[in-house]
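In: need a structure here:
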Amino acid sequence: MHKFIFVNIMKDFRTLCAERFSARKFTDEIVNNEDLSYILECVRLAPSAVNHQPWRFWVVKSKDNLEKLHQCYDRDWFKTAPLCIIALKDNNEAWVRPCDQKPHGDIDLAIAIEHLCLAASERGLGSCWICNYDAAKFAQLFPQPIGVEAVALIPIGHIAPDCPRKEKVRKPMDEIVQTI
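Out: Residues are numbered from 1 along each chain as shown. Model (predicted):
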């Protein structure tokens, strides 16, 4: 009986994907620990090449550290997020394809970040995947272990009612899919 109720209240995956967008304005409401734990568990469950899981996630909640992050990405909307998750790639743990030495850390981390963004959306929260930040400034303010590099900042929060939302425009299926 519980399974039936759970399935009825959940959105189907396609709807979740269609509704998720890059939120760029948040309320000042704090993200509760239950939602944050759920999101991080979804990240933990993400697949990776040969199950190496070459990632680290830093949850930034303190006012001091959020202000440091604002120095790395100085946008008014970014400053409205009550927390930010920093996604880091551990190059020491990333699987490398033997035949051509192609590292898969970026791919693995991208999968985990998308799990994060979709889990936040499922919980009714907004997120935005940010890669256009000052990496040198970030490295200065947030030292990383050797071989570990920050890849993305993901602010998370309750979406402000007046948050701008662009129409989701996607290429038609026949332009991106081929049967060969």
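In: Mind giving me the packing neighbours of whichever helix in the chain runs longest?
Out: The longest helix of the chain (DSSP state H) is helix 105-122. Secondary-structure packing of helix 105-122 (3 or more Cβ pairs under 8 Å, 6 or more residues apart in numbering; DSSP states H and E): helix 13-19, helix 33-44, strand 55-60, strand 83-90, strand 126-127, strand 148-157. Heads up, the C-betas are built off the backbone N, CA and C, glycines and all.
In: in its sheet, what does the fourth one sit against?
Out: It stands for strand 83-90. Its sheet considered, strand 83-90 pairs with strand 55-60 (antiparallel), strand 148-157 (antiparallel) by DSSP bridges.
In: Compute the inter-axis angle for that strand and helix 33-44.
Out: Here the directions of strand 83-90 and helix 33-44 differ by 20 degrees (axes from the mean of the first three to the mean of the last three Cα atoms, to 10 degrees).
In: mean confidence score for the very next helix or strand once past strand 83-90?
Out: Downstream of strand 83-90, the first helix or strand assigned by DSSP states H and E is strand 96-97. In this model, strand 96-97 carries a mean pLDDT of 97.
In: again with stretch 107-122
Out: The model assigns stretch 107-122 a mean pLDDT of 98.
In: Give the buried residues for it.
Out: Across stretch 107-122, burial judged by 16 or more other Cβ atoms under 10 Å covers 108-113, 115-122.
In: where in the chain is pLDDT low?
Out: In the predicted model, the chain carries pLDDT under 70 at residues 1-10.
In: how close does the residue nearest the centre of the chain get to I159?
Out: The C-alpha lying nearest the average C-alpha coordinate of the chain belongs to I113 (Cα atoms, centre = their mean; 3.7 Å). I113 sits 19 Å away from I159, going by Cβ to Cβ, to the nearest Å.
In: Ok, H115 next?
Out: Per Cβ to Cβ, H115 is found 19 Å from I159.
In: I'd like to check which residues are in contact with the residue nearest to T27 when sequence neighbours are not counted.
Out: Of all residues not flanking T27 in the chain, H158 sits nearest, at 4.5 Å (Cβ to Cβ, 6 or more residues apart in numbering). Residues in contact with H158 (Cβ atoms under 8 Å, 6 or more residues apart in numbering) are F26, T27, E29, V31, P82, G124, L125, G126.
In: Assign the third one to helix, strand or coil.
Out: Just to be clear, that refers to E29. Following DSSP: H, G, I helix; E, B strand; the rest coil, the label given to E29 is coil.
In: quick one: it and I159 touch, right?
Out: No. E29 is not in contact with I159 according to Cβ atoms under 8 Å; the separation is 10.0 Å.
In: Between the two, which has more neighbouring residues?
Out: I159 (18 against 11; other Cβ atoms under 10 Å).
In: Tell me what the more buried one is bridged to.
Out: Here I159, judged by DSSP bridges, has bridge partners F26.
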